[in-house]
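Enquirer: Sequence unavailable; structure follows:
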């Protein structure tokens, strides 16, 4: 099986950020939550708030969105075309998407792609995050929880925070735009 990060890897951009602005444009009253997000961003920038807590604050805006599932579906109707063409050329039915974005958001795209989804467990009704975010080293925990010691042939990501999954896979590829570079092979960094 092959694994892929989602945002900025097989999807052009950050799906959660795009979803937030998609909602903000259609529900301008969401701007009332912006000061809370801004304070969280400042505290995260000052390293007072860790990444997990920061994301928890950002994700809570969903509380104010009516017909949440319908908004997610409509978002993907407009944004699904942002899946990169290189991914389609190598897509397999046993692919796994492993993302830090909320499961309720990414799972819709994965369902449309016909692949498995592992993502952060964020409740769509309350915006509450259960457990850790599926980010960085935690991604290997999420993978093992779902697939045990199953081998991962390849893993693609745009971020070096995914080095633990690069090392877990037989081959780890760094994705920058549409440029794909072999970064790890059999757990070892390749020479450049």
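Expert: That came in fine, so what should we check first? Being a predicted model, the structure only gives us computed values, none of them experimental.

Enquirer: And residue 148, how close does it get to residue 92?
Expert: Distance, residue 148 to residue 92, by Cβ to Cβ, to the nearest Å: 20 Å. For the C-beta atoms, the positions are set from N, CA and C on the backbone; glycine is no exception.

Enquirer: who's in contact with the residue nearest in space to the middle of the chain?
Expert: By Cα atoms, centre = their mean, the chain has its centre lying nearest to residue 99, at 3.0 Å. Residues in contact with residue 99 (Cβ atoms under 8 Å, 6 or more residues apart in numbering) are 5-7, 106, 117-120, 134.

Enquirer: Show me what it is bridged to.
Expert: With DSSP bridges as the criterion, residue 99 is bridged to residue 119.

Enquirer: ok, now how distant is it from residue 14?
Expert: Per Cβ to Cβ, residue 99 is found 10 Å from residue 14.

Enquirer: Could you pull out the residues contacting both of those two?
Expert: With Cβ under 8 Å, 6+ apart as the test, residue 99 and residue 14 both reach residue 7.

Enquirer: which residues in this protein form helices?
Expert: For the chain, the helices defined by DSSP state H cover 15-26, 34-45, 51-59, 68-79, 85-90, 103-113, 138-147, 163-168.

Enquirer: Report all helices and strands that the first one contacts.
Expert: The reference is to helix 15-26. Helices and strands touching helix 15-26, as assessed by 3 or more Cβ pairs under 8 Å, 6 or more residues apart in numbering; DSSP states H and E, comprise helix 51-59, helix 68-79, strand 96-102, helix 103-113.

Enquirer: tell me which residues of the first one are tucked away?
Expert: In terms of neighbour count (16 or more other Cβ atoms under 10 Å), helix 51-59 has its buried residues at 54-59.
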